[in-house]
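**Student:** Sequence first, predicted model second:
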Amino acid sequence: MTSDQGSTDFPIHWLRHTSPYINSHRDSTLVIWFNGELLNSAGFASFIHDLTLLSHMGVRLVLVHGMRPQIDAEMTASGIEAHFGPPALADQPAVASSDKVRITDSTVLPALHAALGKIRCQIESAFSSGLPNTPMSGAQVTVCSGNFVVAKPYGIRLGIDYCHTGEVRKFRKSKVRQLLDNGMVVLLSPIGYSTTGELFNLHAEDVALQAAIDLNAEKLIFLHQDATCQSADKAFALREISATDSSFSAQSLPESLLPLQSIIERSLHACRNGVKRCHIVSSEQDGALLKELLTRDGSGLLVDSGSYDTIRPASNRDVAGIMQLIQPLIDDGTLRNRSKQDLERQLAEFIVAERDGSVMGCASLTVYDNQAELGCLAVHPKFRDSGKAAELVQYLIKAARKMHCISLFALTTRSGHWFREQGFVPADLQQLPDIRNNLCDQSNRGSKLYTLDLQ
Ligand SMILES: CC(C)(COP(=O)(O)OP(=O)(O)OC[C@H]1O[C@@H](n2cnc3c(N)ncnc32)[C@H](O)[C@@H]1OP(=O)(O)O)[C@@H](O)C(=O)NCCC(=O)NCCS
């Protein structure tokens, strides 16, 4: 067999391409929040299969379930009316302004106990099934839940006593870490106990938020039935938000995205407090979680912690900094010759990585029809080996894709292996676009060509 592309009955090509993602997720901690609606949906069984797969790949899973519809159903069955206070006060950063806060008085507690017991049984039994000829065959996942969250009362606000509604006070992270170290899946419910031993009803989103921050999770993932990147009229699209982008406000979302407002706010809070990435993924789309984790394009909305350093298009004030960075590399023959005047002429093609106002890295992107050249990649020696060049390349890959380029190429004399580690493959110089070939100085520098397929 010479190629894996032709197989129609089994997606070998796809499977092989998931390996880098599987490797990168192994031993990483993912906190996954899902609401009571998902527990009631037809997709719940597949969701458990996907979680089992992730657990077997070595992902450390912390699951946080909601239970609002289940509590409501128990209350309705017992003829108890639900009461909610006004939205939470804006001075609480962890609590989104759009949340309704349930008043959990003593009449609600039996419904809460019943809903909680049923949900835990539902989840534990789903993880325990292992019948032959099902995706769970041979699976052995141990789910562990317990008193990991310390709560405090929400108290009396604007004259309303919220009784057994509470807030997260502390998360017992070292105990949870021990369980994850032992290969268990940790299940957190939206409840906590106070130091007086009372039970408090919490926002599941806040439990997930605190767990992700305290466990320093690689990812906090929210599964939501309304997760989408576009407003209903498709006029507004939002694929990625950076937590460092001060111009973004979750308060100004179009109406159709408002159901996501509170989890976007929590995601921003998480990313500003040590969580690397948050994802808001559809709970309605079969396999959206796996697509997010195991494919290049992912799915859903990404909230990124951003970088303490900024990568941005270069401007006139960067010329001196770029020249300072590249001149020693031009002098020792690593980079091809470029004068200050050349740089000024080509400045629109350059991006820089900046820290505290000084240029720590740069790269350029030149487009020839549907191919783009990545050039002049350099990182200041003081800042090397921290992934900065890889970030610059990722930035340019996105830019090249936006310009509908089908491939990216680089000519290099010394960094071929580095480019190969970024996914580039060696190519014949004949593959250079004609116009670039005419300008090329590789004949005397002996540069080699590396290309990256962008399709
Ligand atoms: C190549 C260069 C841009 C990498 O910058 P960086 O920010 O350190 O890169 P990253 O942090 O993303 O990657 C660092 C890794 O690549 C490795 N690496 C660096 N240069 C390499 C090279 N020439 N060949 C193979 N591997 C290399 C490092 O050892 C490190 O490996 P590790 O993660 O196993 O420790 C930087 O070394 C540089 O400015 N070099 C001089 C200019 C140059 O050669 N530019 C490329 C030609 S256009």
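**Tutor:** The structure has been received and is ready for your questions. Computed from a predicted model, the values in this text were never measured in an experiment.

**Student:** which one is the residue of the stretch 51-200 of the chain found nearest the ligand nearest to, not counting chain neighbours?
**Tutor:** Going by Cβ to the nearest ligand atom, the ligand is nearest to G58 of the stretch 51-200 of the chain, at 21.1 Å. Where you see a C-beta, it was placed from the backbone N, CA and C, and this is true even at glycine. Closest residue in space to G58, ignoring its immediate chain neighbours: R26 at 3.8 Å, by Cβ to Cβ, 6 or more residues apart in numbering.

**Student:** got it, and F47?
**Tutor:** L38 is the one closest to F47 (Cβ to Cβ, 6+ apart), at 6.5 Å.

**Student:** Could you do L335 as well?
**Tutor:** What sits nearest to L335 in space, not counting adjacent residues and going by Cβ to Cβ, 6+ apart, is L329, at 4.3 Å.

**Student:** how close does the residue nearest to F47 sit to the ligand?
**Tutor:** For L38, the distance to the ligand (Cβ to the nearest ligand atom, to the nearest Å) stands at 38 Å.

**Student:** Show the pLDDT at that residue.
**Tutor:** Looking at L38, its pLDDT is 96.

**Student:** before we move on, what about S407?
**Tutor:** Looking at S407, its pLDDT is 94.

**Student:** what sits against it?
**Tutor:** S407 makes contact with N370, Q371, A372, T451, L452, D453, L454, Q455, according to Cβ atoms under 8 Å, 6 or more residues apart in numbering.

**Student:** Identify those among the residues you listed that sit within strands.
**Tutor:** Residues of those located in strands (DSSP state E): Q371, A372, T451, L452, D453.

**Student:** Could you identify the most distant pair in those residues?
**Tutor:** Based on Cβ to Cβ, the longest span within the ones in strands among the contacts of S407 runs between A372 and D453 and measures 12.1 Å.

**Student:** Settle it for me: which of those two has more neighbours?
**Tutor:** Neighbours per residue, other Cβ atoms under 10 Å: of A372 and D453, the larger number sits with A372, 28 against 10.

**Student:** Is the more buried one bridged to anything, and to what?
**Tutor:** V367, L408 (DSSP bridges).

**Student:** What distance do you get for it to Q430?
**Tutor:** 18 Å (Cβ to Cβ, to the nearest Å).

**Student:** ok, residues contacting stretch 127-141?
**Tutor:** I48, H49, L51, T52, L53, S55, H56, T142, V143, V185.

**Student:** swap in stretch 189-203?
**Tutor:** Here stretch 189-203 has contacts from 64-67, 95, 99, 102, 104, 108-109, 112, 116, 119-120, 145, 147, 149-154, 164-169, 204, 207, using Cβ under 8 Å, 6+ apart.

**Student:** Repeat that for stretch 285-294.
**Tutor:** 18, 21-22, 25, 32, 43, 46-47, 50-51, 53-54, 221, 223, 227, 279, 281-282, 297-300.

**Student:** before we move on, what about stretch 423-439?
**Tutor:** By Cβ under 8 Å, 6+ apart, stretch 423-439 touches 366, 368-369, 371, 373, 408-410, 416, 420, 440, 442, 448-452.

**Student:** So this protein: which segments form each domain?
**Tutor:** Domains of the chain are assigned by automatic domain parsing as 12-304, 310-453.

**Student:** Quick one: end-to-end length of the last one, please.
**Tutor:** Right, domain 310-453. The first and last residues of domain 310-453 sit 26 Å apart, counting by Cα to Cα, to the nearest Å.

**Student:** Could you pull out the helices in the stretch 201-350 of the chain for me?
**Tutor:** 204-214, 261-271, 288-294, 319-331, 340-346 (DSSP state H, counting those that start in this stretch).

**Student:** Out of these, which is closest to the ligand?
**Tutor:** Here helix 319-331 is closest among the helices of the stretch 201-350 of the chain (Cβ to the nearest ligand atom), at 5.0 Å.

**Student:** That closest one and the ligand in contact?
**Tutor:** Yes: applying Cβ under 6 Å from any ligand atom, one finds helix 319-331 touching the ligand at L329.

**Student:** start the count at 122, not 1, going forward
**Tutor:** Fine by me, first position is 122 from now on; the one you just mentioned is helix 440-452.

**Student:** how about E494, what does it touch?
**Tutor:** Counted by Cβ under 8 Å, 6+ apart, E494 has contacts S485, L486, T487, V488, L529, F530, A531, L532, R557.

**Student:** Can you flag the buried ones in those?
**Tutor:** S485, L486, T487, V488, L529, F530, A531, L532, R557 (16 or more other Cβ atoms under 10 Å).

**Student:** Is it correct that the third one is in contact with A469?
**Tutor:** No: assessed by Cβ atoms under 8 Å, T487 is found out of contact with A469, at 10.0 Å.

**Student:** So for D335, what's the nearest residue that isn't a sequence neighbour?
**Tutor:** Excluding the flanking residues, the one nearest D335 by Cβ to Cβ, 6+ apart is K294, at 4.2 Å.

**Student:** Oh, that last question was meant for N337, not what I typed.
**Tutor:** G395 (5.6 Å).

**Student:** contacting residues for E361?
**Tutor:** L422, L423, V424, D425.

**Student:** One more pass at 6 Å, please.
**Tutor:** Contact partners of E361, counting by Cβ atoms under 6 Å, 6 or more residues apart in numbering, are L423.

**Student:** Next: the one 10 residues further on.
**Tutor:** Applying Cβ under 6 Å, 6+ apart, we find A371 in contact with Q382, I385, E386.

**Student:** What confidence value was assigned to it?
**Tutor:** Reported pLDDT for A371: 79.

**Student:** Next: M481.
**Tutor:** pLDDT, read off for M481, is 93.

**Student:** Checking it next. Helix, strand or coil?
**Tutor:** Three-state assignment for M481 (DSSP: H, G, I helix; E, B strand; the rest coil): strand.

**Student:** For the residue found closest to N491 once you drop the neighbours it is linked to in the chain, grab the count of nearby residues.
**Tutor:** Leaving aside its sequence neighbours, N491 sits nearest to I527 (Cβ to Cβ, 6+ apart; 4.8 Å). When neighbours are defined as other Cβ under 10 Å, I527 has 13 of them.

**Student:** Whichever helix in the chain runs longest: what's the following helix or strand?
**Tutor:** For the chain, the helix with the greatest residue count under DSSP state H is helix 230-249. Counting by DSSP states H and E, the element after helix 230-249 in chain order, helix or strand, is strand 264-265.

**Student:** That following strand - what's its average pLDDT?
**Tutor:** pLDDT averaged over strand 264-265 gives 96.

**Student:** In the helix or strand just after it, which of the residues would be classed as buried?
**Tutor:** Later in the chain than strand 264-265, the nearest helix or strand by DSSP H and E is strand 270-274. Residues V270, V271, A272, P274 are the ones in strand 270-274 that count as buried (16+ other Cβ under 10 Å).
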